[in-house]
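# A structural model of the following input is requested.
(2 chains)
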Protein chains: 2
Amino acid sequence: MSNTNLQTPKGFRDFLPEKMAIRNEVIKRLRSVFEKYGFSELQTPSLEYQEVLLGKYGKEAEKLMYLFEDPGKRKVGLRYDLTVPMARVASAYQDLPKPFKRYQIQPAWRAENTQKGRYREFFQCDVDTVGSKSPIADAEILAVISDCLSALGFSAYEIKVNSRAILFSIMDKAGIAKGQQLSVIQSIDKLSKKSKEEVISELKNKDVGEKQIDLVFSEIAKAKPDEYLAKVISLAEEMGAKKIVFDPTISRGLDYYTGPIFESVVEEPKIGSITGGGRYDGLLKTLGGPDLPAVGTTIGLDRVCDVIEKLGLWKDSVNPFVKVLVTVFSPDLLPLSLSVAGKLRSFNINTELFVSDETPLDKQLKYADKKNVPFVIILGPDEAKENLITLKNLKTKSQEKITLDEVIAKLK
Amino acid sequence: MSNTNLQTPKGFRDFLPEKMAIRNEVIKRLRSVFEKYGFSELQTPSLEYQEVLLGKYGKEAEKLMYLFEDPGKRKVGLRYDLTVPMARVASAYQDLPKPFKRYQIQPAWRAENTQKGRYREFFQCDVDTVGSKSPIADAEILAVISDCLSALGFSAYEIKVNSRAILFSIMDKAGIAKGQQLSVIQSIDKLSKKSKEEVISELKNKDVGEKQIDLVFSEIAKAKPDEYLAKVISLAEEMGAKKIVFDPTISRGLDYYTGPIFESVVEEPKIGSITGGGRYDGLLKTLGGPDLPAVGTTIGLDRVCDVIEKLGLWKDSVNPFVKVLVTVFSPDLLPLSLSVAGKLRSFNINTELFVSDETPLDKQLKYADKKNVPFVIILGPDEAKENLITLKNLKTKSQEKITLDEVIAKLK
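Just a heads-up that it's a prediction; the model follows:
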């Protein structure tokens, strides 16, 4: 059988160890923030019944779903997002303590057009509070976002906030007809990516009059947070959230948000928004779940990981592989290598023992180099005699003959 | 729309926060051991092309696969195990440094008969070394298993080892015909679960003569590890592996193992084997991958988690939820609660703030109780005046009025 048949499916990705090290570290940092605020984790099955999935997202979305049959001929499909499963859980386990504060980090599947560089399996990371109408809940989501961005090492970020009511009030004041308001709001939302001129020309193409366009922009300039949003912002700041900015132009596919909307962007690198969310008090019921208010955010996990990897952020703090390779000089010196490797592991130093006692030392060093292992230990006849260890730094190419205690101190 | 339509698909499970806390802790402990030995993580897509999946496991297995079509009409299916994806990765990324030491913790899907209590989506946790023929690699897998079982808190366990060659040599010496050897080996493997009498009667039903049965048992009694296995055991013990026991009766669905076989059991609780593995030098090539030797083990993650949960192990060490709930006495005292919650979080204490300032205190306490939060903080007018905090222990029902520093010291 030829090996060339073995392909990664189109639109899907393998995560090799270097990618995984970053993903795991990102997830670890996010989890730690979520749990610090009292959110706990939920995981749901990859499959849902089609009656749970269909009729919730619209026909276009359904074209992207992976739908098939269970052996019992029940119609099932792969999860399209994490919100429908949460609605199902909130419905199925009615005795869950409310507010139900959950986070969920799992893949979802969409048969997207791969030419747009989209992946058909991607991780979602959602954190939501279900069952509270209080602005404290909204504020807490903002505080969580701010803490997450800090924990990821981003310093130049903005958390933009707005609300559905403010957007429609701007439209009303500018005299935009009800039927045209959503379309105008969608154009205005592009101000973060496009120039004002481009947006104006788009509005003109939508047959919005010049005078009304002027009015829209002057209303935007005058807009202020409403009472609820102002409360949310001040509470979030009291909780320690940083860089919250009122931005009356953001709208985030308004369809299901009913109150505040949140979106965060980092200045550097330029990757667009990395979180998006808001309050969606009617959605769970629409999805077939209980009639509970809810507020939350999604964090773009794949996007965050890709950027950290591409820009080589964290390069020095996250070592995807091991700290040190203990080489094996010869079969008779294998016990010495085993003993040193065991000692290092007992100090929680990630230690790889070269798994052969018949491989020339230079090949073992090349292996360490290829794996980007920072340190190598050599234990030959001289080291055995002197009861010392040769520790080689593969970056600086320097090496020294020192005691085990000194090695441990250097590697810890 | 009625909520009763929202069901968890048959054969699948939701993991609510209490289950997730245990799962996450198990995975964290296993990962830490794997990485201490220099294994790094791999994740592969949930879907594979059918040409990768089919023809590898036999017709019976294929009946259990979820097979369907990609939008581009390419035939795909959900992953059946983690070995085929690893073979594909080893083939697709030929420049991976060898030995390739990877671990992988991801779900696999099988449309099993749910009446047997089996799940259709289950997590596999595999750790393997690809590209080494040395007994050091086998020994390291045993050391990893031993460290994992210790890290999980199991103390009374056994790691049984055997090898394919020893089993067939017993069969040869007992004069079992070649065509009958696999069947006899399968019966013998049941000795860990069934009595000797039951196994003998099963062998008789398979038309094995009484004299031959006696011979099989006397050969088992005489059996000793062969040279390779003896080396593996002594190396593993040098690496610190504990409770390795030679057991010439275990066979683990021999089909693809080519050398040593490993299986581990814990005495308490009685859950059967929790790890299984061995050396499989020919398998990757058979699966369409490169011709590389390999050795590894699977750890029964779902089984381990279920047992820890059911027996209430770790009850005191793993808190699925938060350490403390900071209640909100009234809207005017909300800032005080915000400030105390923020301080506790800055000391990495998982702290939930009650997300409402309009809920009576007794309802907030009931919520904490329902969520099994161990401590509650009350900040009323008296506490505000005296600059003290009432800390209530919900287990002992005792409470005390103390300073913030004292609270932090107690909760850390």
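# Tell me how far residue A:208 lies from residue B:109.
51 Å (Cβ to Cβ, to the nearest Å). All C-beta spots, glycine's among them, are computed from the backbone N, C-alpha and C.
# no no, residue A:279
Residue A:279 is 36 Å from residue B:109, by Cβ to Cβ.
# Same drill for these two, tell me which one is more crowded.
Neighbours per residue (other Cβ atoms under 10 Å in any protein chain shown) separate residue A:279 from residue B:109, with residue A:279 holding more: 27 against 23.
# what about the closest residue to that one other than its chain neighbours, distance to residue A:223?
Sequence neighbours aside, residue A:259 is the residue nearest to residue A:279 in space, at 3.5 Å (criterion: Cβ to Cβ, 6 or more residues apart in numbering or on different chains). Applying Cβ to Cβ, the value for residue A:259 to residue A:223 is 16 Å.
# Any idea how far stretch A:365-384 is from the middle of the chain?
36 Å (Cα atoms, centre = their mean, to the nearest Å).
# Residue A:29: neighbour count?
Residue A:29, neighbours per other Cβ under 10 Å, totals 16.
# what sits against it?
A:148, A:151-152 (Cβ atoms under 8 Å, 6 or more residues apart in numbering or on different chains).
# So which of these are in strands?
Using DSSP state E, no member of the contacts of residue A:29 falls in strands.
# which residues are contacting stretch A:115-125?
So stretch A:115-125 is contacted by A:9-13, A:23, A:27, A:30, A:81-82, A:103-112, A:114, A:298-302, B:45-47 (Cβ under 8 Å, 6+ apart).
# go on, stretch A:252-262?
Residues contacting stretch A:252-262 (Cβ under 8 Å, 6+ apart): A:138, A:141-142, A:145, A:159-165, A:167, A:182, A:185, A:189, A:228-229, A:232, A:250-251, A:263, A:275-283, A:286, A:295, A:297.
# Now with 6 Å, please.
Stretch A:252-262 is contacted by residues A:138, A:161-164, A:229, A:232, A:263, A:276-283, A:297 when judged by Cβ atoms under 6 Å, 6 or more residues apart in numbering or on different chains.
# what do you get for stretch A:222-238?
For stretch A:222-238, using Cβ under 6 Å, 6+ apart, the contacting residues are A:135-136, A:138-139, A:142-143, A:163, A:165-166, A:170, A:244, A:246, A:248, A:260, B:338.
# related to what we said a few turns ago, name only those of the contacts of stretch A:115-125 that count as buried.
Among these, those buried by neighbour count (16 or more other Cβ atoms under 10 Å in any protein chain shown) are A:9, A:11-13, A:23, A:30, A:81-82, A:103-111, A:298-302, B:45-47.
# Can you give me the end-to-end span of stretch A:305-315?
End-to-end span of stretch A:305-315 (Cα to Cα, to the nearest Å): 13 Å.
# Report the central residue of chain A.
Geometric centre of chain A, nearest residue: residue A:301, 1.7 Å, by Cα atoms, centre = their mean.
# That residue and chain B, how far apart?
To chain B, residue A:301 is 13 Å away according to Cβ to the nearest Cβ, to the nearest Å.
# Please give me every residue in contact with that residue.
With Cβ under 6 Å, 6+ apart, residue A:301 has these contacts: A:123, A:125.
# Before we move on, what's the pLDDT of it?
Per-residue confidence at residue A:301 stands at 93 (pLDDT).
# Equivalent analysis for residue A:316, please.
66.
# next one: residue A:10
So, for residue A:10, pLDDT stands at 90.
# Please flag which of the buried ones among the contacts of stretch A:115-125 sit within helices.
A:23, A:30, A:301-302 (DSSP state H).
# biggest separation within the residues you listed, which pair?
Within those, two members stand farthest from each other by Cβ to Cβ: A:30 and A:302, at 12.9 Å.
# What residue in the stretch 251-400 of chain A comes nearest to chain B?
residue A:352 (2.7 Å; Cβ to the nearest Cβ).
# pretty sure that residue is in a helix, no?
No - counting by DSSP: H, G, I helix; E, B strand; the rest coil, residue A:352 is not found in a helix; it is strand.
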